[in-house]
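> What follows is a predicted protein model with its sequence.
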Amino acid sequence: MKEIEIVAYTPIRVADIAIGTCWDVQKPETDKARMLRVANKFKHMSTIEHLSISYSLPVKEANFFLHNHFSIATVAKDGKFNVTTNARVLLEAMFDETLPLGLLKYLVPDEYKFFFEMEI
């Protein structure tokens, strides 16, 4: 969807660092496997709050974020919204079905898609 632009996002290694501070590394386990185990299986999603994503969105797509107290939205000069949120907000929106999968797939950076077990 070309109206949605991911402007910037935090590198995935930041979540792995956060996870490593309070969870044991199980050998042999890849970084992605550990992140899935901690965030998805054990629902310790505060570790992925460190993954921030900034967008430029049309008003219609920004509506969800305007009502989410974990997101920041401001009006840009071009009439779009500049939104900053985190991966936890998106993952919970997928679980709660509060964001359509058709839209969610444009909001998740490719580097993060394994968290969503790519239903999107």
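Done, it's in.

> For the most centrally placed residue in the chain, which non-adjacent residue is spatially closest?
Nearest to the mean C-alpha position of the chain, by C-alpha atoms, centre = their mean, lies residue 87 at 2.1 Å. The shortest distance from residue 87 to any non-neighbouring residue, by C-beta to C-beta, 6 or more residues apart in numbering, is to residue 51 (3.9 Å). Heads up, the C-betas are built off the backbone N, CA and C, glycines and all.

> That neighbour: how many residues sit nearby?
A count of nearby residues for residue 51, using other C-beta atoms under 10 Å, gives 26.

> pretty sure it contacts residue 86?
Yes: counting by C-beta atoms under 8 Å, residue 51 does reach residue 86; the two are 5.7 Å apart.

> Now residue 55: closest residue in space, sequence neighbours ignored.
Residue 55 sits nearest to residue 83 (C-beta to C-beta, 6+ apart), 4.8 Å away.

> ditto for residue 92
residue 45 (7.1 Å).

> List the beta-bridge partners for the residue nearest to residue 55.
Assessed by DSSP bridges, residue 83 has beta-bridge partners residue 55, residue 73.

> Please name the residues that touch it.
Shown in contact with residue 83 (C-beta atoms under 8 Å, 6 or more residues apart in numbering): 54, 55, 56, 57, 62, 65, 71, 72, 73.
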